[in-house]
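[1] I need the structure of the sequence given here:
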Amino acid sequence: MSRYLLSVRRKHNRTLRDGFPFDVPALAELDELDFPTPITFFVGSNGSGKSTLLEAIAAGLKMP
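    Numbers count the residues shown, from 1 in each chain. Alright, predicted model coming up:
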């Protein structure tokens with residue numbers, strides 16, 4: 001059984017300070033973000049090859 005992230009909802013918590021990323025204009029008014037199709041997150045430590053992997057995928061797809 002596959003599980004996918006369907007949405008992200010902002011939880012209003014008065015103990016959190018305003019600041020990044022909530023002060024970014026595109027996110028300031030966003031309360032929920034829906035993902036209608038499956039998405040993939042690349043996570044890992046600095047230097048683990050995330051950007052290199054994404055560049056290789058883009059090169060393989062002949063993206064500019």
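
[2] CA only for contacts and neighbour counts going forward, please
    Fine.

[3] do you know how far the residue positioned nearest the centre of the chain is from Arg9?
    Closest to where the C-alpha atoms of the chain average out (CA atoms, centre = their mean) is Phe41, at 6.4 Å. Distance of Phe41 to Arg9, given as CA to CA, to the nearest Å: 17 Å.

[4] same deal with Phe20?
    For Phe20, the distance to Arg9 - CA to CA - is 16 Å.

[5] for Leu33, helix, strand, or coil?
    For Leu33, the assignment made with DSSP: H, G, I helix; E, B strand; the rest coil gives strand.

[6] and for Thr40, the neighbour number?
    Thr40 sits with 7 neighbouring residues when counted by other CA atoms under 10 Å.

[7] swap in the one 3 residues further on?
    A count of nearby residues for Val43, using other CA under 10 Å, gives 9.

[8] how about the closest residue to it other than its chain neighbours, phi and psi?
    Nearest non-adjacent residue to Val43, counting by CA to CA, 6 or more residues apart in numbering: Lys50, 7.2 Å away. Dihedral pair for Lys50: phi -60, psi -50, per degrees, to the nearest 10.

[9] ok, Lys50 - contacts?
    Residues in contact with Lys50 (CA atoms under 8 Å, 6 or more residues apart in numbering) are 42-44.

[10] tell me which of these fall in helices.
    Using DSSP state H, no member of the contacts of Lys50 sits in helices.

[11] just give me the least confident of those.
    Within the contacts of Lys50, pLDDT reaches its minimum at Phe42, with 87.
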